[in-house]
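K.L.:
Sharing a model prediction with you, sequence too.
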Amino acid sequence: MSATTVAPAPVPAAVAAVPNVASAGPATVPSFQSVSLYVGDLHGDVTEANLFEVFSQVGTVQSIRVCRDIITRRSLGYAYVNFTNQSDAERALDTINGSEIKGRPCRIMWSQRDPSIRKSGRGNIFIKNLDKKIDIKALHDTFSQFGNILSCKIELDSKGESKGYGYIQFADADNASVAIEKVNGMMLLDKPVFVGPFVPRRERIQANSTKEFTNIFIKNLDEKVDDDVLRSVFGQVGAIKSVAVMRDADGKSKGFGFVNYEDANDAAAAVEELNGKDISGKPVFVGRAMKKSEREAELRQKFEQLKLEQMNKYHGVNLYVKNIDDEVDSDDKLRGIFAPYGTITSTKIMKDNRSLSKGFGFVCFGSPEEATKAVSELNGKMIGKKPLYVALHERKEVRRSKLEQHFAQRSKMPARMPPGVYPNGQPMFYPGNMPPHMMYPQHMVPRNRFPQPGFQGMPGGFMMMPGGRGGRGGFVNGRGATSPRGRGGLQQKAQAPVPQGAVPIASLPQVPPEALQAPTQPAAPGAAAPVHPIPAFNAQVLDQYPPEERKRLLGEQLYPLIARVQPNLAGKITGMILESADTKEIITLIERPAQLTNKINEAIEVLNQHQTVKQE
């Protein structure tokens with residue numbers, strides 16, 4: 001691994017000429033004991049190894065962590081470096097701050113575990129009109145003589161060049177006051193700089209919106225309107241300093257301009273009286289001239305308000321539909337499916353650039369009750385050759401939050417139990433000479449053996465199945481055939497042909513309604529073991545589990561019931577039901593054999609159709 005280059009930036013002579021302050025203490029000794037550094041403004045490709053190469057040169061590094069997005073695992077642009085002693089951390093702050101790592105200067109500060117110190121704004125100052133040659137290192141060295149600096153930052157553009165302004169936060173507010181007094185108006189690299197207290201953007205916008213103004217903005221101007229026309233119209237309100245109609249390189253009007261009054265009252269009166277007035281046959285807009293940041297903030301606020309209104313308007317009535325059959329390729333066909341359940345205000349099937357359906361869409365009902373009824377009736381129903389998925393639409397932020405919670409729960413799950421131990425205390429099942437690491441409880445199906453969406457078995461893949469001579473389990477391969485197990489172990493032939501006597505999928509019979517009723521006589525020695533429902537097995541209890549754990553628990557209850565009537569396809573059908581039905585519906589199937597029989601027959605019909613299409 002090649003060493004990452006670290007290029008310290010020299011301090012410009014003009015910057016170093018700031019007068020010394022006798023009362024200032026050492027620059028690098030913080031007012032608290034810490035061995036942890038915050039490293040910001042990092043390139044997205046910087047890793048822990050890159051940072052270790054840089055920081056290990058100044059001292060013993062204890063640990064490094066680059067903070068990443070919990071889902072995408074992309075770098076967030078900052079990291080934490082922990083040293084074994086404070087002197088090494090101080091040395092790193094002095095020597096590496098502002099140095100380039102992968103072509104981008106890094107920003108180093110002491111790690112603050114209490115965010116209130118950063119957010120309070122205490123000791124924070126704003127510097128503008130900086131020369132582009134002044135970097136973080138030079139700015140830090142310039143102001144470090146006034147006191148201990150917690151943070152130093154220069155804003156950069158997309159090309160990595162300085163925007164001409166920055167921020168510094170001192171540990172002591174008195175040091176910030178001294179820095180403002182001494183440096184404000186000084187010449188740094190032949191440019192007078194402004195130094196003042198930092199004011200948050202929200203407060204600046206509020207102050208600008210309420211303060212008096214003399215400059216007004218006019219738009220929607222006719223091409224014939226020039227400076228003289230504007231002056232004659234707006235001069236009737238009060239004395240004008242200047243007028244300008246903005247033009248392009250060819251001298252053609254851009255349709256907007258500015259008028260600057262001598263008195264703020266006249267400017268306010270012009271906005272009040274002339275907004276919407278016809279000038280040369282076109283109604284014009286007249287308002288206070290705002291900076292770009294103010295306009296963006298105002299538009300952002302309007303957009304958020306509109307977004308909130310839309311969200312409240314369609315909450316509980318907008319449905320998300322996926323796994324749509326290819327035959328349902330128009331909005332009218334989708335509307336026809338949902339029309340029996342209520343009044344539909346809009347339907348939309350999403351399509352690609354070739355006008356082909358992407359397999360998902362949206363349906364909006366007139367009331368939440370109608371939408372809820374459509375979800376309960378249509379979710380999991382076979383439309384064409386696919387089971388439809390229907391659920392209430394969720395915003396992107398909500399889905400992202402749920403994913404983050406899901407990953408956080410997975411990371412907190414306990415480690416795998418040792419062989420021979422199972423949390424619910426049920427006895428372990430020992431089929432034949434199965435090695436200990438492959439043992440499962442008698443009622444349990446291996447967690448990762450359920451078929452994935454699409455319902456196609458994995459060639460050569462095996463699934464543990466109840467049944468077999470003497471209570472020994474069998475294995476079902478991807479073709480639906482049972483592989484025998486000898487006393488000496490498993491027969492490991494992955495691509496073996498279908499054994500004689502196996503039932504092809506295309507000729508599977510339907511399951512009679514009475515097949516899942518409770519047996520009146522003791523089960524045969526090779527039959528599946530009876531199912532012992534989990535205590536308090538209901539949707540409210542299951543919702544407390546992560547989705548994967550919830551699916552596993554439901555599968556453990558559902559699989560033995562299906563295995564009674566379809567032992568060769570129990571795993572495949574179980575997977576199909578788990579993928580197409582929600583928790584409440586699966587619990588209903590477990591409790592009501594007649595409904596489960598209908599569901600099994602639907603799955604068999606789908607498998608038969610799939611096999612027929614495959615043979616054609």
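P.N.:
Arrived safely. Residues are numbered from 1 along each chain as shown.

K.L.:
Check what pLDDT residue 91 gets.
P.N.:
In this model, residue 91 is scored at 90, pLDDT.

K.L.:
Who are the contact partners of it?
P.N.:
58, 59 (C-beta atoms under 8 Å, 6 or more residues apart in numbering). For the C-beta atoms, the positions are set from N, CA and C on the backbone; glycine is no exception.

K.L.:
helix/strand/coil for it?
P.N.:
helix (DSSP: H, G, I helix; E, B strand; the rest coil).

K.L.:
Break down the stretch 301-450 of the chain into its helices, ranges please.
P.N.:
Ranges of helices in the stretch 301-450 of the chain, per DSSP state H, counting those that start in this stretch, are 331-338, 368-378, 396-412.

K.L.:
residues contacting residue 408?
P.N.:
Contacts here follow C-beta under 8 Å, 6+ apart; on that basis residue 408 touches residue 70.

K.L.:
How much space separates it from residue 244?
P.N.:
Residue 408 sits 56 Å away from residue 244, going by C-beta to C-beta, to the nearest Å.

K.L.:
residue ranges of the strands in the stretch 51-200 of the chain, please?
P.N.:
With DSSP state E, counting those that start in this stretch as the criterion, the stretch 51-200 of the chain has strands at 61-68, 75-83, 100-101, 104-105, 107-110, 124-128, 149-156, 162-170, 187-188, 191-192, 194-197.

K.L.:
List the buried residues of the second one.
P.N.:
When burial is assessed from 16 or more other C-beta atoms under 10 Å, strand 75-83 yields the following buried residues: 75, 77, 78, 79, 81, 82, 83.

K.L.:
Quick check: of these, which lies closest to residue 258?
P.N.:
Closest approach to residue 258 among those (C-beta to C-beta): residue 77, at 38.4 Å.

K.L.:
for the protein, which spans come out with low pLDDT?
P.N.:
1-34, 117-118, 205-211, 410-540, 613-616 (pLDDT under 70).

K.L.:
most centrally placed residue in it?
P.N.:
Closest residue to the average C-alpha location of the chain: residue 400 at 4.2 Å, with C-alpha atoms, centre = their mean.

K.L.:
I'd say that residue and residue 71 touch.
P.N.:
Yes. Counting by C-beta atoms under 8 Å, residue 71 is a contact partner of residue 400 at 7.3 Å.

K.L.:
hang on, the earlier thing: kindly reformat the buried residues of strand 75-83 as CSV containing distance to residue 283.
P.N.:
Below are those laid out as CSV (distance: C-beta to C-beta, whole Å):
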residue, distance to residue 283
75, 51
77, 47
78, 50
79, 55
81, 60
82, 64
83, 66
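
K.L.:
could you measure the closest residue to residue 334 other than its chain neighbours against residue 331, distance?
P.N.:
Using C-beta to C-beta, 6 or more residues apart in numbering and skipping residues adjacent in sequence, the residue nearest residue 334 is residue 347, 4.8 Å away. Separation of residue 347 from residue 331 (C-beta to C-beta) stands at 5 Å.

K.L.:
intersection of neighbour lists for these two?
P.N.:
Common neighbours of residue 347 and residue 331, using C-beta under 8 Å, 6+ apart, are residue 361.

K.L.:
higher neighbour count, these two?
P.N.:
Neighbours of residue 347 and residue 331, each counted by other C-beta atoms under 10 Å, are more numerous for residue 347; the result is 21 against 15.

K.L.:
which residues pair with that one across the strands?
P.N.:
With DSSP bridges applied, residue 347 shows beta-bridge pairing to residue 363.

K.L.:
pretty sure it is touching residue 335, no?
P.N.:
Yes. Using C-beta under 8 Å, residue 347 is in contact with residue 335, at 4.5 Å.

K.L.:
Can you pull the residues that touch both of these two?
P.N.:
Residues touching both residue 347 and residue 335 by C-beta under 8 Å, 6+ apart: residue 363.

K.L.:
what's the closest non-adjacent residue to residue 255?
P.N.:
residue 221 (5.1 Å).

K.L.:
and the one you found, how far is that from residue 291?
P.N.:
Distance, residue 221 to residue 291, by C-beta to C-beta: 21 Å.

K.L.:
more neighbours, those two?
P.N.:
residue 221 (22 against 11).

K.L.:
Am I right that that one is in contact with residue 257?
P.N.:
Yes. Residue 221 lies in contact with residue 257 (C-beta under 8 Å); the separation is 6.3 Å.

K.L.:
Overlap of the contact sets of the two?
P.N.:
Joint contacts of residue 221 and residue 257 (C-beta under 8 Å, 6+ apart) are 230, 245.
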